[in-house]
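from the sequence below, what's the structure:
(4 chains)
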Protein chains: 2
Amino acid sequence: MTSVASASSVAAAPAAAGPAPASPTSARTPARAERLRCDAARNRERVLAAALELYRERGGAFTVEEVASRAGVGVGTVYRRFPTKNALLDELARPFFEQLLTTAQAAHGHPEPAERLEVFIRAMAEQHAIDGVRSGRLWDAAVARPLRDEYVRTLGLILAEARAAGRVRADVEPYDVGVVVWSITGLIDATQHAAPVIWRRYLDLLVDSLRPGGERPLATRPVTQGDWEDLVAASPVLRLG
Amino acid sequence: MTSVASASSVAAAPAAAGPAPASPTSARTPARAERLRCDAARNRERVLAAALELYRERGGAFTVEEVASRAGVGVGTVYRRFPTKNALLDELARPFFEQLLTTAQAAHGHPEPAERLEVFIRAMAEQHAIDGVRSGRLWDAAVARPLRDEYVRTLGLILAEARAAGRVRADVEPYDVGVVVWSITGLIDATQHAAPVIWRRYLDLLVDSLRPGGERPLATRPVTQGDWEDLVAASPVLRLG
DNA sequence: CGACAACCGGAATCGTCTTCCGCTTCCGTC
DNA sequence: GACGGAAGCGGAAGACGATTCCGGTTGTCG
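Alright, predicted model coming up:
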C-alpha cells in the first residue's frame, strides 16, 4: 500500500454561479494554472458520472475501459485526469464524505446537547448505510484531510457536551467515538447485503456500551490522532469488494 | 464473489502414526480415491509451506509463481492441487481456524461457568491477534463448515451459562456474540499494524456492552444462522491486503 | 487566422492469474 | 524386474485488466 500522495485537482469545483472572480489580485492566484480546457472539464465530469454509475451498479468490480466507454472517451483520457483507478474511486468518495460532515454538523445542531452524541453516531451510521457504499471505509487520507479534521473537531465538541451532561462514560475520548463509528460502518458494509437492517441491533449495543455506570476502567490508552491517521490510511476506500 | 464450492482434498492429513488402518471394510471406503501419489503429497506440503512462509512475510502480496519457485515446483503443480490462488490461501487459514476452535473449547473448560463468556471473547481476540493474520476475516464457508458449526455450538453453551449466571444482558443471542467477535477481529486487523495493542481498549468496551443492567431493549432482530452464512461467505478470508 | 499547448483515442506494454499440453514418474501387475 | 498407464510435472501460452505512450486533433489566445 503505497500511500497515494498527490495534491492536484483542487479546483474542478462546479464554481460559484456568479460571474465575477472579483478579486483583482489575479496576478498571484494559482487557480489560473488549474483551469481545464472546457472539453477536458466536460470529459472529466463524464468520466466521474460513468464511474459513479458503475460503482452503484457493481461496487467497484468494473474495468477502467468500461468507465471510459460509458463516458464516451478513451482510457487514455481517464488516465490523464486520474493517475490510477483508485484515485478515480477516491474522487467518487469525496462528495460522500462531504455529506458525512454535513450530517455531523447537523447532529451538533440538535436542540438537546445531551442527546447530540447519540444522534451523531446514529446519523453517521444511517448515512453510511444509505449511501450505498459497499465494503469500503472511506476515511482515506488522500481524499480530504481538511474535511476529516473538521469532522473530528465537531465530534470533540459533541463529546464534550455529552460528557458535561453525564451521558457518556468518563473515560471515552473523541477518537474512541471515531473508532466506534468506524467499526459500525465496517459492520454495515459487511451485513448490508445479507441482512439489510441488522446492523441497527449492533449499533444499539455499541451506543449502549458508551453509557456511564458500572463499567470497569479501560486498561488500554485510546487511539491518538497519529494512530487514527495510520488506521485510516491502511483502510481500503472504495476499493474493489 | 463466486463462492468457492468444492469438496475435495479431505484426506491429505498427516495420518495417524499407527501402522494399521484396522477397518477391513476397505471395500467401500472412498479414502482410496483421494490418496495422492507420494511425490504429489510431498509437493503439496511444500507448496503449502512456501505459501505460509510468504504469507507471513508479505501478507498475501506475492505471486503464484513465487510460491511455486520457493516450493521448487512449477506453477502448473500449484494449480493442479489448488484450483485458484484464493483456494490456496483458504487452505492456509484452516489450521488457524482449527486453533480457534480449540481456544473456544478451552474457554468452555474454564472453572468458573459465569466467567466463560468473557474468557471466550477475550481468548478469541487474543488468538486472532497472535496469529499474525492481517486484514482478513477467516470464516469463509469454503474453509471448514463443520468447524464453524462446532464453534457456534460451543458458543451457545457458553452463552447459556453466562445467561444463567446473570452475567450478560438477557436479549443477547449466540450469533450476537459471533458478530461481536467478528467485529473485534476486524478492528484488530485494521489497527494491529498502526497501534499493536490498542484493540484491547475497544474489546473492553465491547465486553462491557454485553453486561446486563440499565440497557434499553434492542429493537432489531439478531442475526440468524442464515444471515451468518451469508455474512461470512461475503467476507474476504486471507485475501490480499 | 495561426501557433501551440493541452487533449484525445486506443494500441502496445506489463504484471498476474489460469489453462494447456507434451513429457516424466510412480504404482500395481505380470 | 520390466511394463502400461494414470497421475504428475514444468513452464509456455492465453486471458485480463491496469497503466503508458504517442501520433494526430482541437480549444485558446494573441
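
buried residues in stretch A:50-64?
The neighbour-count check on stretch A:50-64 (16 or more other CB atoms under 10 Å in any protein chain shown) flags A:50-52, A:54-55, A:59-60, A:62, A:64 as buried. Yep, even glycine has a C-beta here, placed from its N, CA and C like the rest.

closest one to chain B out of those, please.
For the buried residues of stretch A:50-64, the minimum distance to chain B (CB to the nearest CB) is 10.4 Å, reached by residue A:59.

per-residue pLDDT, the closest one?
At residue A:59, the model reports a pLDDT of 77.

ditto for residue A:79
pLDDT, residue A:79: 97.

not counting sequence-adjacent ones, nearest residue to it?
Once flanking residues are discounted, residue A:79 sits nearest to residue A:64: 7.6 Å by CB to CB, 6 or more residues apart in numbering or on different chains.

and for residue A:115?
Per CB to CB, 6+ apart, closest to residue A:115 is residue A:167, 7.8 Å.

number of nearby residues for that neighbour?
18 (other CB atoms under 10 Å in any protein chain shown).

so it is in which element?
Secondary structure assignment for residue A:167, by DSSP states H and E: no helix or strand.

pretty sure it contacts residue A:114?
Yes - contact criterion CB atoms under 8 Å: residue A:167 and residue A:114 qualify, at 5.0 Å.

helices of chain A, start to end?
Remark: helices assigned in chain A by DSSP state H are A:31-34, A:38-58, A:64-71, A:75-81, A:85-108, A:116-130, A:141-164, A:174-191, A:199-209, A:225-234.

save those as CSV, and put in distance to residue B:185 too.
Below are the helices of chain A laid out as CSV (distance: least, CB to CB, whole Å):
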stretch, distance to residue B:185
helix A:31-34, 44
helix A:38-58, 27
helix A:64-71, 33
helix A:75-81, 37
helix A:85-108, 25
helix A:116-130, 20
helix A:141-164, 24
helix A:174-191, 10
helix A:199-209, 14
helix A:225-234, 15
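
which of those sits closest to residue B:187?
Each of those has some distance to residue B:187 by CB to CB; the shortest is helix A:174-191, at 5.5 Å.

can I get that closest one in PDB, CA atoms only?
Provided in PDB are the C-alpha atoms of helix A:174-191 (Å, rounded to 0.1, in the frame of the first residue of the first chain):
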ATOM      1  CA  PRO A 174     -13.100  11.700  20.900                       C
ATOM      2  CA  TYR A 175     -11.200   9.200  18.800                       C
ATOM      3  CA  ASP A 176     -12.900   6.400  20.700                       C
ATOM      4  CA  VAL A 177     -16.100   7.500  19.200                       C
ATOM      5  CA  GLY A 178     -14.400   7.600  15.800                       C
ATOM      6  CA  VAL A 179     -13.300   4.000  16.200                       C
ATOM      7  CA  VAL A 180     -16.800   3.000  17.300                       C
ATOM      8  CA  VAL A 181     -18.300   4.700  14.200                       C
ATOM      9  CA  TRP A 182     -15.600   3.200  12.000                       C
ATOM     10  CA  SER A 183     -16.400  -0.200  13.400                       C
ATOM     11  CA  ILE A 184     -20.100   0.100  12.800                       C
ATOM     12  CA  THR A 185     -19.500   1.200   9.300                       C
ATOM     13  CA  GLY A 186     -17.500  -2.000   8.800                       C
ATOM     14  CA  LEU A 187     -20.400  -4.000  10.100                       C
ATOM     15  CA  ILE A 188     -22.800  -2.200   7.900                       C
ATOM     16  CA  ASP A 189     -20.700  -2.900   4.800                       C
ATOM     17  CA  ALA A 190     -20.400  -6.500   5.700                       C
ATOM     18  CA  THR A 191     -24.000  -7.200   6.600                       C
END
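
what mean pLDDT does that helix have?
86.

between that helix and helix A:116-130, how many degrees?
30 degrees (axes from the mean of the first three to the mean of the last three CA atoms, to 10 degrees).

what pLDDT does whichever residue of chain A sits closest to DNA strand C get?
Nearest to DNA strand C in chain A, going by CB to the nearest atom of the strand, is residue A:76, at a distance of 1.8 Å. Predicted confidence (pLDDT) for residue A:76: 97.

how close does it get to residue A:66?
15 Å (CB to CB, to the nearest Å).

give me the more crowded residue out of these two.
Taking other CB under 10 Å, residue A:76 and residue A:66 do not tie; residue A:66 has more neighbours (15 against 8).

was I right about that one contacting residue A:54?
Yes - Residue A:66 is within contact range of residue A:54, at 6.3 Å (criterion: CB under 8 Å).

could I have the CA atoms of stretch A:155-172 written out in PDB?
Extracted C-alpha coordinates of stretch A:155-172, given in PDB (Å, rounded to 0.1, in the frame of the first residue of the first chain):
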ATOM      1  CA  LEU A 155     -17.000  15.200  17.200                       C
ATOM      2  CA  GLY A 156     -14.900  16.600  20.000                       C
ATOM      3  CA  LEU A 157     -17.500  19.300  20.700                       C
ATOM      4  CA  ILE A 158     -20.300  16.900  20.800                       C
ATOM      5  CA  LEU A 159     -18.500  14.500  23.100                       C
ATOM      6  CA  ALA A 160     -17.600  17.300  25.500                       C
ATOM      7  CA  GLU A 161     -21.300  18.200  25.700                       C
ATOM      8  CA  ALA A 162     -22.300  14.600  26.300                       C
ATOM      9  CA  ARG A 163     -19.700  14.300  29.000                       C
ATOM     10  CA  ALA A 164     -20.800  17.500  30.700                       C
ATOM     11  CA  ALA A 165     -24.300  16.100  30.700                       C
ATOM     12  CA  GLY A 166     -23.100  12.800  32.200                       C
ATOM     13  CA  ARG A 167     -24.400  10.900  29.300                       C
ATOM     14  CA  VAL A 168     -21.300   9.100  28.400                       C
ATOM     15  CA  ARG A 169     -18.700   7.100  30.300                       C
ATOM     16  CA  ALA A 170     -16.000   9.500  31.500                       C
ATOM     17  CA  ASP A 171     -13.100   7.600  30.000                       C
ATOM     18  CA  VAL A 172     -14.300   7.800  26.500                       C
END
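
list the buried residues of that stretch.
A:155, A:157-159, A:161-163, A:167-169, A:172.

which residues touch residue A:201?
B:176, B:218-223 (CB atoms under 8 Å, 6 or more residues apart in numbering or on different chains).

nearest residue to residue A:122 other than its sequence neighbours?
Here the residue nearest residue A:122, using CB to CB, 6+ apart, is residue A:203, at 6.7 Å.

OK, contacts around that neighbour?
A:121-122, A:125, A:184.
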